[in-house]
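Student: Sequence and predicted model, in that order:
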Amino acid sequence: ADVQEKLKNAREAEVRITTACEEFRPVADRGSLLYFLIAEMSTIEVMYQTSLAQFIQVFKLSMVNAPKANIPAKRIENILHQLTFGTFLYISR
């Protein structure tokens, strides 16, 4: 019985984690879009060359600098805005 209860709890936790991850999918999509746009810009002008490691720093900084919010949808909106603007500032330096 104890094992069955632990398995049930594990399944429930997996569902909660998956749901939370999917909620933030738009942030991952925006990050991917921005990175590949920058990568394509480097074919036009070499000064736009950006490594994935550099972009990940911009991405992480955007997550940290985005205003906090208790409502996940608002938090996601804040991260998207910060990521877009932060990337703009980074690339136009």
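Tutor: Done, it's in. What you see is a predicted model; the values in this text were computed from it and never measured.
Student: what's the distance between Gln82 and Val3?
Tutor: The gap separating Gln82 from Val3 is 44 Å, by C-beta to C-beta, to the nearest Å. All C-beta spots, glycine's among them, are computed from the backbone N, C-alpha and C.
Student: Those two: which is more packed in?
Tutor: Gln82 (18 against 7; other C-beta atoms under 10 Å).
Student: what comes up buried for the helix or strand hosting that one?
Tutor: Per DSSP states H and E, Gln82 falls inside helix 72-91. In terms of neighbour count (16 or more other C-beta atoms under 10 Å), helix 72-91 has its buried residues at 75-80, 82-83, 86-87, 90-91.
Student: Let me know the closest of those residues to Phe59.
Tutor: Leu83 (6.6 Å; C-beta to C-beta).
Student: was I right about that closest one contacting Leu34?
Tutor: Yes - counting by C-beta atoms under 8 Å, Leu83 touches Leu34, with 6.9 Å between them.
Student: For Val27, the count of nearby residues, please.
Tutor: Neighbour tally, Val27, other C-beta under 10 Å: 20.
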